[in-house]
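Visitor: coords please:
(2 chains, ligands or ions: 2)
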Amino acid sequence: MRRARIADGVVVALLAWLVGWPLVVVTGAALEAPGGFGTALAAFAAREGEALALARSLWISLATVALAAAIGVPLAFLFARAQFPGRRALAELVALPVALPPLVGVIAFLYLWGESGLGTRLVMAAGGLESPPWRLSGAGAILVVHAYSMYVYFYLFTRAALARLDPSLAEAAASLGAGPVRRFFRVTLPALRPALGGAAVLTFLTALGSFSAPYIFGGSYRVMTTQILASKQNGDVDLAEVETVVLTLLALGGFLVARRFERGEAASRQRGGAAARRPAPTRGARAALAVAGWGLALLLLAPHLTLGLLSLVPRATWSTEVLPPVLSLDNYRRVLGSAEALRPVANSLGMALAATAAALVLGFAAARAARRGGALGRAADLLMAVPAAVPATAFAVALATTMSVARPWQGRFLLVGTLVLLPLAYLARALPSTGRAALAGLAQLDSGLEEAAASLGAGKLRTLWAVTLPVVRPALAAGAMLAFLAALGDFVLSIVLYTFDTRPISIEILSSLRLQETGLAAVYGVLLTALSAAVFLAFGREREA
Amino acid sequence: MSAPARPLRLEGLVKRFGDHAVLEGVSLAVPEGEIVALLGPSGSGKTTLLRLVAGFERADAGRILLGEERIDELPPERRGFGMVFQHYALFPHRSVAGNVAFGLETRGLARAAIAARVEAALARVELGGLGGRRISEISGGQQQRVALARALAPEPPVLLLDEPLSNLDPSLRERTRRELAALLRALGITTLLVTHEQEEAFELGTRVALLHGGRLVQVGTPGEIYRAPATRFAAGFVGRASFVPVEVVAAGDGPVRVRGAGLPGGETEAEAAEALAVGERADAMLRPEALELAEPGTPRTLAGEVVAARFGGAWSWATVRAAGGLEVEVLVPGPPPALGAAVAVARRPDARPRVYRRETP
Ligand SMILES: Nc1ncnc2c1ncn2[C@@H]1O[C@H](COP(=O)(O)OP(=O)(O)OP(=O)(O)O)[C@@H](O)[C@H]1O
Ligand SMILES: [Mg+2]
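Guide: Ligands and ions are numbered 1, 2, ... in the order given. This next block holds a predicted model:
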């Protein structure tokens, strides 16, 4: 027992160094800004751009929540409740964007609805228009992209809650004389409230920390995340630090609210009774539902399909035509045939793999510590969750600030510009996924499996190897998958911390775009999407097995 | 079939969680080959005691001996006891056979030997042929038997069972109880079993140990405990009984004489469960079968009204409320009397009540 506690102490110290310390250092740096934090904050508040960016971040996040709910919740009802051909496959397909890297989604959106996007050209051709009917920039564009990518949270949360919902609740209400409308508002919706709350907080935090969409579409419309990067790239490090602290505090507030909701949700979790029985719809209704379902799914997945098409368009072959005149595998040849061009892919894979492996070990150790309880356990529980709360931009800046000087006795090392900083950041960001998964897996041991193993003569090592790990493996695999996908597709940490030697796929996509190599960017996007989808599906198979 | 049975002895076991004393000096011997059922209400410390024996908890004081060997210092995996957990704790990632094989693997047996013994263990609990199933693919009753087969396969010297039937449907419970009793007796394995159900303890245990508030109240055969419960708590917890307030009018070495307004038959000789002084207030325990119904107005009876009745076929139970609200339960032949009927309750001539000191008023 004492040895276990010592190990827990080491784990907590490591977590504190990796996750907590950078936030402390950046806060300290912000406090030490010339004239003190008060002055810096006052200067921050007085600058028009700053207050404006903060206000924009907030309202964009709130509006995103409303829009994402408006798409995700009806979609969940459609796929959970209606009966039509292809429903099961579509229901999974519609959830796919959760596994796809945000940057790729944003680029794909640009290729479809941007000024010279495929969809825009089709609309112009159909309407005989001279110029695009819209411009994809500013708040509107950010919001549309957010809604498009974040509806998945509402969709998944609501779908899961609907599946758990005991249908006898509604039946009981019906037997008490409540009609369908009343049942929906008085029974179903209240029962979904914890799930909706959870999805809302998650969406809010994601939107608050969202970087890709404002970076690509925002232009001069700055929100906090893009403002931080701009300050940093302008060399105004003090300001960047103050901004980081402000954004972090805001997000941590949301995070604490989220943990509340999570508890409420866990408490209200109920056992599903028999499956709901719904009358089979008429043929006409089935057809209408099928059209609606397929149409929606197509609309939601259209950007990624466009990306696939654009990856086949060779450089400088598509000018004013509605549809690309030439399609070839030229771009693929240029990427796959060159070691130099494949370098970012290898970088991303290698760093993601290393970060995931390390995050698995650390997350598992942290989860074990958390389950042993006490002050150390609570510290481990909190620390491993923190990276989920802090916007990636803010965390990256904090890490860069901390690791930009060599003061080993302060736990600060000169890592900026080295190969390890970016994987280290990926590792920190992966901890909430792996740690939480390990916690969920370990909870399965509550029924005394480890004690059963001991009563059958298994020692500590054998129990770990033959019982604990196999039992928690599926949960760990799920956590590892999420961690790996996030690291593989990461853009936000990377753009702050990458070096030429560690440049990942996302950065290569961006540079290709800057060089007008839309086809190459699309190929990298497709590769990233294919890798992500392959991991996602492989894991899905594992889950079935 | 099992390893040579050895007696298990617990001596003065004390266990505290913080400043909450859960076991306050429990001593108990489980002779070799006997099945001791540890019976007690919820929170009395049964599971805690079993976990001390299994080695999942350390006692704050006391010793545990297997034969002549002191084992309370050993970790659970070195004790070699078989244990059936309340929720079975079957390994979800292993098949039925894989679960049963686990304890044999840890003993380093050869593969062929393991396979043969797994087969035998499964056949013994009538699960032959189900070895390849996943745990999630078998019913609750089957899971219970897998748990039993897994615990028995390594042929442990002692078997520990924590509420082995509590997770089964009532209809299944009775049959499983019978089968379990037959199996345990056939194996002749030293067994310590925890339950909070009297019927389970009485059918499975060759002896019953009654635990209350972290202390052993009484250890004996089911008959001894039913006929002569050692304390007022034991009397109320085991079997059905009514308690009538009485006063001690004569006391000596042997039986005492008691008197009470609610006592059918008036003043009578009674067995004292503990030392009682003249004038002391006490409770007389009356089992339903010690009472009978009589015509209203019969002398030396307690008059009352039937307030509840339970039909039981050849016999029925009637609850009679007398003046002052005192209620007694009576076993009656045939169907019960109608609710509201005015009746009189008499004591059967051969039945001598047992009296206990009255606990706080
Ligand atoms: N790990 C623990 N920490 C603190 N208190 C505990 C712990 N385990 C048990 N207790 C307390 O010890 C007392 C006895 O618990 P135990 O589980 O042994 O009772 P039990 O007789 O098995 O009850 P039940 O029939 O409900 O299973 C209870 O009051 C319980 O709250
Ligand atoms: Mg118990």
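Visitor: what does the stretch 101-250 of chain B put close to chain A?
Guide: Taking Cβ under 8 Å from any Cβ of the partner chain as the contact definition, the stretch 101-250 of chain B meets chain A at B:102, B:103, B:105, B:106, B:107, B:150, B:151, B:154, B:160. Backbone N, C-alpha and C define where each C-beta goes, glycine included.
Visitor: Please convert the buried members of these into ChimeraX selection syntax.
Guide: Buried members of these, defined by 16 or more other Cβ atoms under 10 Å in any protein chain shown, are picked up in ChimeraX with:
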select /B:102,103,105,106,150,151,154,160
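Visitor: Output the residues of the stretch 101-250 of chain B next to chain A as JSON lines; include the columns secondary structure.
Guide: Output for these, formatted as JSON lines (DSSP: H, G, I helix; E, B strand; the rest coil):
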{"residue": "B:102", "secondary structure": "helix"}
{"residue": "B:103", "secondary structure": "helix"}
{"residue": "B:105", "secondary structure": "helix"}
{"residue": "B:106", "secondary structure": "helix"}
{"residue": "B:107", "secondary structure": "coil"}
{"residue": "B:150", "secondary structure": "helix"}
{"residue": "B:151", "secondary structure": "helix"}
{"residue": "B:154", "secondary structure": "coil"}
{"residue": "B:160", "secondary structure": "strand"}
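Visitor: Which pair of the residues of the stretch 101-250 of chain B next to chain A spans the longest distance?
Guide: B:105 and B:160 (20.4 Å; Cβ to Cβ).
Visitor: Return the list of helices and strands in contact with the helix or strand encompassing residue A:124.
Guide: Following DSSP states H and E, the helix or strand that holds residue A:124 is helix A:118-127. Here helix A:118-127 touches helix A:102-113, helix A:283-310, going by 3 or more Cβ pairs under 8 Å, 6 or more residues apart in numbering or on different chains; DSSP states H and E.
Visitor: Now render the residues of the stretch 101-250 of chain B next to chain A as a markdown table, adding pLDDT.
Guide: Listed next are these as a markdown table, based on pLDDT from 0 to 100:
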| residue | pLDDT |
| --- | --- |
| B:102 | 91 |
| B:103 | 89 |
| B:105 | 89 |
| B:106 | 87 |
| B:107 | 86 |
| B:150 | 92 |
| B:151 | 92 |
| B:154 | 90 |
| B:160 | 94 |
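Visitor: Out of the residues of the stretch 101-250 of chain B next to chain A, flag the one nearest to residue A:342.
Guide: residue B:105 (46.3 Å).
Visitor: Quick check: the gap between the closest residue to that closest one other than its chain neighbours and chain A.
Guide: Closest residue to residue B:105 apart from its sequence neighbours, by Cβ to Cβ, 6 or more residues apart in numbering or on different chains: residue B:114 at 6.6 Å. Distance, residue B:114 to chain A, using Cβ to the nearest Cβ, to the nearest Å: 13 Å.
Visitor: right, and the helix or strand after whatever helix or strand residue B:38 lives in?
Guide: Using DSSP H and E, residue B:38 falls within strand B:35-39. With elements assigned by DSSP H and E, the helix or strand that comes after strand B:35-39 is helix B:46-54.
Visitor: Next, the angle strand B:35-39 makes with that next one.
Guide: Angle, helix B:46-54 to strand B:35-39, by axes from the mean of the first three to the mean of the last three Cα atoms, to 10 degrees: 140 degrees.
Visitor: how about helix B:46-54, does it reach ligand 1?
Guide: Yes - using Cβ under 6 Å from any ligand atom, we find that helix B:46-54 touches ligand 1 at B:46, B:47, B:48.
Visitor: So which elements touch the next helix or strand after that helix?
Guide: As assigned by DSSP H and E, the chain's next helix or strand after helix B:46-54 is strand B:61-66. Where contact means 3+ Cβ pairs under 8 Å, 6+ apart, strand B:61-66 is packed against strand B:8-17, strand B:20-30.
Visitor: Mean neighbour count, mean pLDDT and distance to residue A:102 for these - can I get that in a markdown table?
Guide: Below are the helices and strands packed on strand B:61-66 laid out as a markdown table (neighbours: other Cβ atoms under 10 Å in any protein chain shown; pLDDT from 0 to 100; distance: least, Cβ to Cβ, whole Å):
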| stretch | mean neighbour count | mean pLDDT | distance to residue A:102 |
| --- | --- | --- | --- |
| strand B:8-17 | 18 | 93 | 49 |
| strand B:20-30 | 18 | 93 | 52 |
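Visitor: Report how many residues lie close to residue A:328.
Guide: Residue A:328 is flanked by 12 other residues according to other Cβ atoms under 10 Å in any protein chain shown.
Visitor: Might you enumerate the residues of the stretch 51-200 of chain B proximal to ligand 1?
Guide: Residues of the stretch 51-200 of chain B that fall close to ligand 1, judged by Cβ under 6 Å from any ligand atom: residue B:196.
Visitor: Which part of the stretch 351-500 of chain A gets nearest to ligand 1, residue-wise?
Guide: Closest to ligand 1 within the stretch 351-500 of chain A is residue A:373: 11.3 Å, counting by Cβ to the nearest ligand atom.
Visitor: Give the phi and psi angles for that residue, as a check.
Guide: Backbone torsions of residue A:373, given as degrees, to the nearest 10, read phi 80, psi -160.
Visitor: and chain A, which residues reach chain B?
Guide: Residues of chain A lying near chain B (Cβ under 8 Å from any Cβ): A:444, A:447-449, A:451-459, A:462, A:466-467, A:470-471, A:473.
Visitor: And the buried ones among those, selectable in PyMOL?
Guide: A single PyMOL command selects the buried members of the residues of chain A next to chain B (16+ other Cβ under 10 Å):
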select buried, chain A and resi 447+448+449+451+452+453+454+455+456+457+458+462+466+467+471
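Visitor: restrict the residues of chain A next to chain B to contacts with ligand 1.
Guide: Applying Cβ under 6 Å from any ligand atom to those, none is adjacent to ligand 1.
Visitor: how does chain A divide into domains?
Guide: A:1-29+A:325-545, A:63-223+A:285-310 (automatic domain parsing).
Visitor: Lowest mean pLDDT across those domains, which one is that?
Guide: Between those, the one with the least mean pLDDT is domain A:63-223+A:285-310; it has a mean of 83.
Visitor: First-to-last residue distance for that one?
Guide: From its first residue to its last, domain A:63-223+A:285-310 covers 31 Å (Cα to Cα, to the nearest Å).
Visitor: re earlier: which one of the helices and strands packed on helix A:118-127 has the most crowded surroundings?
Guide: helix A:102-113 (a mean of 26; mean count of other Cβ atoms under 10 Å in any protein chain shown).
Visitor: what does it contact?
Guide: Helix A:102-113 has contacts (Cβ atoms under 8 Å, 6 or more residues apart in numbering or on different chains) with A:97, A:117-120, A:134, A:136, A:144-145, A:148-149, A:210, A:212-213, A:216-217, A:302-304, A:306-307, A:310, A:489, A:491, A:506, A:509-510, A:513, A:518, A:521-522, A:525, A:528-529.
Visitor: again, but for stretch B:312-331
Guide: For stretch B:312-331, contacts defined as Cβ under 8 Å, 6+ apart pick out B:240-242, B:244-245, B:261-262, B:264, B:286, B:288-289, B:291-293, B:302-310, B:332-337, B:343, B:345.
Visitor: Report the buried members of those.
Guide: Buried among those (16+ other Cβ under 10 Å): B:241-242, B:244-245, B:262, B:264, B:286, B:288, B:291-293, B:302-306, B:309, B:332, B:336-337, B:343, B:345.
Visitor: Looking at the stretch 201-350 of chain B, which residue is nearest ligand 1?
Guide: residue B:211 (7.0 Å).
Visitor: For the residue lying closest to that residue once chain neighbours are set aside, which residues are in contact?
Guide: Nearest residue to residue B:211, sequence neighbours excluded (Cβ to Cβ, 6+ apart): residue B:40, at 3.5 Å. Residues in contact with residue B:40 (Cβ under 8 Å, 6+ apart) are B:46, B:196, B:210, B:211, B:212, B:237.
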